[in-house]
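A.B. asks: Provide a 3D model corresponding to the input given below.
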Amino acid sequence: MVRVKPFKAFRFNEEQAGDLSRLVTPPYDIIKGDMIDKLQSLSEYNMAWIIKNKPQSTDTPSSNQYTRASEHFSKWIKEGALVRDDTDSFYVYGQDFEIEGKKLFRFGFIGLIELEDFASGKPGTGGFFGVLQHEETLPKDIEDRLNLCRSCMANFGQIFVIYPDHKREVDAILERHMAKDPVANVVDSDGIRHRLWRIDNEIDLKKIATLMEDKYIIIADGHHRYKTALALAKEHSELDSAKYRMLTFVNISNPGLVVLPTHRLVQNLESFSKERLLKEIHEHFVVDAFEKADEMFNLMNENFEKRKHSFGLYIDDSNFYVLTLKDISVMDELLADKSAELRGLDVAILHSLILDRILGIDKQKLEQGTMRGGGYVVYIKGIGDAVDEAIKSVQKNGQAVFFMNPTRISEVEAVSKNFECMPQKSTFFQPKVWTGFTINKLE
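C.D. replies: Residues are numbered from 1 along each chain as shown. Here you go, the predicted model:
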């Protein structure tokens, strides 16, 4: 059973803290490098001071980036920059954005969920319900967020989850409240408009909670944060509020729910050979070569629409390749203990057949890959100038880049309901859910 409830969020008081656009931020894992300083320079109340406080050479176990974050949080509340709503509420969160020239709108609601371990077996009777994950996680990221939660005892960043509401019963309630003026309205530097509406009508609050009871939710973005919340709840079993976590819930049928691909840049392999890679790929793939990247992506898209398994490949030899799997049955041997749904994922085929078997990048080596660089695989989000940057990276010091088609929402749902996890960075939900519109303090 999915138990959700409204809460009294802390929200920025713009009369004290200033313009909200200078206070809210992308999620912590997007903030890196110069962006940290840029965000923190916008305001003394910018969320980056809390969610991405920088370590210092003089840090000690009792004085460090996490204790500094806690000091900021307490100070902001004391100064009135953050003020708690006076009644329990759900919050409608909507984002207007554009993908490849198409204008879209995604919306859902922010509320608390009663924490429970990930579902591990189908219910004996009744409908399918519970909390499902779809991607593998890295322990080091969990420890970082856990340290912040321990110090501040609050939920700052959102966990983005999707749930089935094909009749749009919850959506109908949210849409009624979106007819009102929003309590927050911000356009970010990428032109994405973020709006927030407050639901504090007792009848609607109860109806949303009731409608969610027989649902299941799938974590779309925030696996590390959910596991962090589970760990914190165990550490503070005496604290009722620690048994709940702030989430953003979005209907799986929402027309604005978009998944973009995440490409894989391969680097640092000691015995990498372009010729050997192409030779071994030919055994299981039809290989088409093109002079231009656009031609490669056109064929990849055609194959995606035909539900064929295709990847793009660039290895700096004047060609752009499309690799199309000849026979899916090869996956029966490679992932014999996995479901047909998982074996049929493009990302599973790439990881097991090409990265692991052909290039020798096993799970341990994959764990060294990051969104920032280093390791054997760098994950590159398929947005903006990512393709050009990936190509330049290969020309400079990389070895190969594999371009991906996106994972379908239906595939995320099917694999999750089999209680399996896709390889890390299998999905990229765009846009990201921002931090700072609502904060849940544990007390």
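A.B. asks: can you give me the strands in the stretch 201-350 of the chain?
C.D. replies: Ranges of strands in the stretch 201-350 of the chain, per DSSP state E, counting those that start in this stretch, are 216-221, 244-251, 258-260, 262-266, 285-290, 310-314, 320-325.
A.B. asks: ok, Arg168 - contacts?
C.D. replies: 251, 253 (Cβ atoms under 8 Å, 6 or more residues apart in numbering). Where C-beta positions appear, they are placed from N, C-alpha and C, glycine not excepted.
A.B. asks: got it, and Val250?
C.D. replies: Taking Cβ under 8 Å, 6+ apart, one finds 106-108, 160-163, 220, 257 in contact with Val250.
A.B. asks: And Leu355, by the same measure?
C.D. replies: By Cβ under 8 Å, 6+ apart, the contact set of Leu355 is 264, 266, 361, 366, 377.
A.B. asks: just Gly18 next, same as before
C.D. replies: 43, 45.
A.B. asks: Please report how far it lies from Lys78.
C.D. replies: Applying Cβ to Cβ, to the nearest Å, the value for Gly18 to Lys78 is 17 Å.
A.B. asks: For the host helix or strand of Phe105, C-alpha coordinates in PDB please.
C.D. replies: In the assignment (DSSP states H and E), Phe105 maps to strand 102-114. Presented in PDB, the C-alpha positions along strand 102-114 are these (Å, rounded to 0.1, in the frame of the first residue of the first chain):
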ATOM      1  CA  LYS A 102       8.000  20.800 -29.100                       C
ATOM      2  CA  LYS A 103       6.400  22.600 -26.100                       C
ATOM      3  CA  LEU A 104       5.400  20.300 -23.200                       C
ATOM      4  CA  PHE A 105       3.900  20.600 -19.700                       C
ATOM      5  CA  ARG A 106       4.600  18.000 -17.000                       C
ATOM      6  CA  PHE A 107       2.800  18.200 -13.600                       C
ATOM      7  CA  GLY A 108       2.400  16.200 -10.500                       C
ATOM      8  CA  PHE A 109       2.100  16.700  -6.800                       C
ATOM      9  CA  ILE A 110       4.500  17.000  -3.900                       C
ATOM     10  CA  GLY A 111       3.700  15.100  -0.700                       C
ATOM     11  CA  LEU A 112       5.100  12.800   1.900                       C
ATOM     12  CA  ILE A 113       5.200   9.000   1.600                       C
ATOM     13  CA  GLU A 114       5.400   6.600   4.400                       C
END
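A.B. asks: Next, count neighbours for Ser416.
C.D. replies: Other residues near Ser416 number 25, with proximity taken as other Cβ atoms under 10 Å.
A.B. asks: pretty sure it is touching Gln133, no?
C.D. replies: Yes - applying Cβ atoms under 8 Å, one finds Ser416 in contact with Gln133, separated by 6.9 Å.
A.B. asks: between those two, what contacts are shared?
C.D. replies: Common neighbours of Ser416 and Gln133 (Cβ under 8 Å, 6+ apart) are Ile218.
A.B. asks: one step back: against which helices or strands is the next helix-or-strand element following the strand holding Phe105 packed?
C.D. replies: For strand 102-114, the following helix or strand on the C-terminal side (DSSP H and E) is strand 130-132. Counting contacts by 3 or more Cβ pairs under 8 Å, 6 or more residues apart in numbering; DSSP states H and E, strand 130-132 is packed against strand 216-221.
A.B. asks: try it again with 10 Å
C.D. replies: strand 159-163, strand 216-221, helix 409-416 (3 or more Cβ pairs under 10 Å, 6 or more residues apart in numbering; DSSP states H and E).
A.B. asks: Make a markdown table out of the ones you listed and add distance to Asp388 and mean pLDDT.
C.D. replies: Shown next, in a markdown table, are the helices and strands packed on strand 130-132 (distance: least, Cβ to Cβ, whole Å; pLDDT from 0 to 100):
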| stretch | distance to Asp388 | mean pLDDT |
| --- | --- | --- |
| strand 159-163 | 28 | 94 |
| strand 216-221 | 25 | 89 |
| helix 409-416 | 28 | 88 |
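A.B. asks: To Met300, which of the ones you listed lies closest?
C.D. replies: helix 409-416 (16.5 Å; Cβ to Cβ).
A.B. asks: now what about that closest one, what contacts it?
C.D. replies: Residues outside helix 409-416 that contact it (Cβ atoms under 10 Å, 6 or more residues apart in numbering): 118-119, 131-135, 162, 164, 216-220, 252-254, 257-259, 338-342, 344-348, 407-408, 420-422, 426-427, 429.
A.B. asks: Just list whatever residues bridge to the spatially most central residue of the chain.
C.D. replies: Per Cα atoms, centre = their mean, the C-alpha nearest to the average position across the chain is that of Asp221, at 2.7 Å. Applying DSSP bridges to Asp221 gives these bridge partners: Phe160.
A.B. asks: so who does it touch?
C.D. replies: 27, 29, 135, 157-162, 248, 427-430, 432-433.
A.B. asks: Determine which two of the residues you listed are furthest apart.
C.D. replies: Farthest-apart pair in these is Asp29 and Ile162; separation 18.8 Å (Cβ to Cβ).
A.B. asks: more crowded one of these two?
C.D. replies: More neighbours surround Ile162 than the other of Asp29 and Ile162, with 27 against 19 (other Cβ under 10 Å).
A.B. asks: Any idea how many residues pack against the residue nearest to that one when sequence neighbours are not counted?
C.D. replies: With Cβ to Cβ, 6 or more residues apart in numbering as the criterion, Ile162 has its nearest non-adjacent residue at 4.6 Å, and that residue is Ile252. When neighbours are defined as other Cβ under 10 Å, Ile252 has 20 of them.
A.B. asks: Give the residue spans of the chain that score low on pLDDT.
C.D. replies: 120-129, 136-141, 368-374 (pLDDT under 70).
A.B. asks: How is it partitioned into domains?
C.D. replies: 4-258+430-441, 262-405 (automatic domain parsing).
A.B. asks: Take the ones you listed and write them to a markdown table, including distance to Val412.
C.D. replies: Output for the domains of the chain, formatted as a markdown table (distance: least, Cβ to Cβ, whole Å):
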| stretch | distance to Val412 |
| --- | --- |
| domain 4-258+430-441 | 5 |
| domain 262-405 | 10 |
